[in-house]
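*Asks:* could you look at this predicted model? Sequence included:
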Amino acid sequence: MHPRLSVDQISFGNASLAEFIDHARALGAAQMVLTSPQLLAAGGLNEARQALSGGGPLVEAISHPFAIYPSLDCDCAKASDTLLRLIDIGAALQTKSIYLLTGGRGSMDWQQAADRFAQVVAPCQAAARARGIALLIENASALYADIHIAHSLADTIALAEHADVGICMELFFCWAEADLKRLFQRALPRCGLVQLSDYVLGDRSLPGRAVPGDGVIPLGNILRILLELGYAGTFDIELVGPRIVAEGHWAATERAAAYLSTLLTTIKPEY
């Protein structure tokens with residue numbers, strides 16, 4: 001697998017931490033992205049450490065649903081406490097970043113929710129920086145408005161700047177936006193991760209992701225722009241949805257890794 005690629009735990013469905021780490025190692029991944037629920041469960045950190053004891057991919061990032069208890073307009077003490085605990089776990093695993101779903105806005109308008117998110121995440125941001133971990137937010141469909149407030153890439157950039165956090169750029173949810181190059185230029189100083197998948201026109205499933213190369217997202221052009229603009233981080237393979245289940249998690253991820261490895265090598269052989 002190309003050294004700039006990582007594989008995301010979500011790509012392997014309900015696999016345990018140990019099973020996923022074995023899969024990532026077998027794929028030849030240099031790095032991987034873990035999901036927080038299993039790490040936060042009793043024994044989660046020990047399971048990850050034991051699975052990594054024989055060597056294996058680096059932990060590039062951890063994904064985490066933040067203020068979903070139930071939303072940003074409620075008492076967010078549990079959200080902050082849980083993220084602080086996850087930061088300690090991330091530090092133990094030497095992760096580079098933790099990327100967040102913000103939590104839903106509840107009864108607040110967008111600006112009120114953005115202010116609330118910035119307020120609640122601030123102490124966690126300080127703790128993460130002290131441990132050398134970047135906190136990121138990702139762009140996600142408005143169909144996830146119950147657990148997130150940053151939907152377009154432009155809004156995600158605005159929220160990241162407002163809360164002084166980083167960005168995980170999910171191309172599946174922004175590839176069709178206008179003036180992407182301008183948005184990329186604005187996002188890249190804060191961008192710690194770029195996530196890759198594909199979309200087949202007419203697929204109405206949620207999430208309707210496809211293996212890169214099977215759909216219409218112009219991944220070659222987008223990756224070329226990002227690399228030319230100076231993006232030096234990791235590209236994360238994140239595959240979920242009916243197409244991935246039908247093909248099989250391993251087969252789909254292996255095929256995605258092969259396609260993207262070739263694409264990255266073709267765009268810039270020195271990468």
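*Replies:* Nice, I can see it. Numbers count the residues shown, from 1 in each chain.
*Asks:* going forward, measure contacts and count neighbours with C-alpha atoms only.
*Replies:* Noted.
*Asks:* let me see the ranges of the helices in the protein.
*Replies:* For the chain, helices defined by DSSP state H occupy the ranges 17-27, 36-40, 44-52, 77-92, 110-130, 153-163, 180-187, 219-228, 242-247, 249-267.
*Asks:* nearest to Ala210, of those helices?
*Replies:* For the helices of the chain, proximity to Ala210 was assessed by Cα to Cα; helix 242-247 is nearest, at 6.2 Å.
*Asks:* I'd say Ala29 and Ser6 touch.
*Replies:* Yes: Ala29 lies in contact with Ser6 (Cα atoms under 8 Å); the separation is 5.9 Å.
*Asks:* neighbour-wise, which of those two wins?
*Replies:* The residue with more neighbours, out of Ala29 and Ser6, is Ser6; 31 against 21, by other Cα atoms under 10 Å.
*Asks:* tell me which residue lies farthest from the centre of the protein.
*Replies:* Ser107 (26.6 Å; Cα atoms, centre = their mean).
*Asks:* and that one, what pLDDT?
*Replies:* pLDDT for Ser107: 95.
*Asks:* what's the answer for Asp155, then?
*Replies:* 97.
*Asks:* tell me where the model's unsure across this structure.
*Replies:* 269-271 (pLDDT under 70).
*Asks:* if we can go back for a sec, turn the helices of the chain into CSV, columns for distance to His2 and mean neighbour count.
*Replies:* As requested, the helices of the chain are arranged in CSV below (distance: least, Cα to Cα, whole Å; neighbours: other Cα atoms under 10 Å):
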stretch, distance to His2, mean neighbour count
helix 17-27, 10, 19
helix 36-40, 25, 17
helix 44-52, 20, 16
helix 77-92, 24, 18
helix 110-130, 29, 17
helix 153-163, 26, 20
helix 180-187, 22, 16
helix 219-228, 14, 16
helix 242-247, 21, 15
helix 249-267, 5, 18
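*Asks:* reformat those as JSON lines; add distance to Cys174.
*Replies:* Listed next are the helices of the chain as JSON lines, based on distance: least, Cα to Cα, whole Å:
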{"stretch": "helix 17-27", "distance to Cys174": "27"}
{"stretch": "helix 36-40", "distance to Cys174": "24"}
{"stretch": "helix 44-52", "distance to Cys174": "32"}
{"stretch": "helix 77-92", "distance to Cys174": "26"}
{"stretch": "helix 110-130", "distance to Cys174": "19"}
{"stretch": "helix 153-163", "distance to Cys174": "6"}
{"stretch": "helix 180-187", "distance to Cys174": "8"}
{"stretch": "helix 219-228", "distance to Cys174": "11"}
{"stretch": "helix 242-247", "distance to Cys174": "20"}
{"stretch": "helix 249-267", "distance to Cys174": "19"}
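*Asks:* having no further points to raise, I will conclude here.
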